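Participant: Prediction below, plus the sequence it came from.
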Amino acid sequence: MHAQAAGEGGKLLWAHLRGRRFQGAKFRRQVPFDGYVADFYRHAAKLVIEIDGRQHEGLVDDDAGRTAVIENFGVRVRRFTNAENLRGSGRGARSQQVELRLSFG
């Protein structure tokens, strides 16, 4: 897991994912993929959710490399910023819900 994923944004998202709270789906935290650790992972959907905190600003190439490694396992990666998670019922949260529902299809 990224250092900041355990921050407020990651905690908030985990509160919605743990215990099959999101569409009855089982998610796990801190799942290793070839030297990287994914923030949240749903095996049945082959879906990783990454929470990018401030430390990711300016690290687009590093994040792209991490995403490529994980995608080589046949896993889709969805990235959200810490700020999107913290917006609660705002546009970011609604966008996340829509995108994650589409990811389950």
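Facilitator: The structure has been received and is ready for your questions.
Participant: Helices along the protein, start to end?
Facilitator: Taking DSSP state H as the test, the helices found in the chain are 8-17, 60-71, 82-86, 91-104.
Participant: Would you check that residue 22 makes contact with residue 13?
Facilitator: No: the pair residue 22 and residue 13 fails to qualify as a contact (Cβ atoms under 8 Å) at a distance of 9.3 Å. C-betas here are computed from N, CA, C, even on glycine.
Participant: what about these two, which has more around it?
Facilitator: For residue 22 versus residue 13, neighbours defined as other Cβ atoms under 10 Å are more numerous around residue 13 (26 against 17).
Participant: close enough to count as contact, the more buried one and residue 52?
Facilitator: No: taking contacts as Cβ under 8 Å, residue 13 lies outside contact range of residue 52: 11.9 Å.
Participant: List the residues that are in contact with both of the two.
Facilitator: Taking Cβ atoms under 8 Å, 6 or more residues apart in numbering as the contact criterion, the common neighbours of residue 13 and residue 52 are residue 80.
Participant: how close does residue 34 sit to residue 45?
Facilitator: Taking Cβ to Cβ, to the nearest Å as the measure, residue 34 falls 20 Å from residue 45.
Participant: Dihedrals phi and psi, residue 26?
Facilitator: phi -90, psi 120 (degrees, to the nearest 10).
Participant: any idea how far residue 46 is from the residue nearest to it when sequence neighbours are not counted?
Facilitator: Of all residues beyond its chain neighbours, the one nearest residue 26 is residue 20 (5.6 Å), with distances taken as Cβ to Cβ, 6 or more residues apart in numbering. Distance, residue 20 to residue 46, by Cβ to Cβ: 17 Å.
Participant: These two: who's more crowded?
Facilitator: For the pair residue 20 and residue 46, the greater number of neighbours falls to residue 46 (14 against 10), based on other Cβ under 10 Å.
Participant: Tell me the pLDDT of the more buried one.
Facilitator: The confidence metric pLDDT takes the value 92 at residue 46.
Participant: quick one, what contacts it?
Facilitator: By Cβ under 8 Å, 6+ apart, residue 46 lies in contact with 73-76.
Participant: Right, I'll call it a day here.
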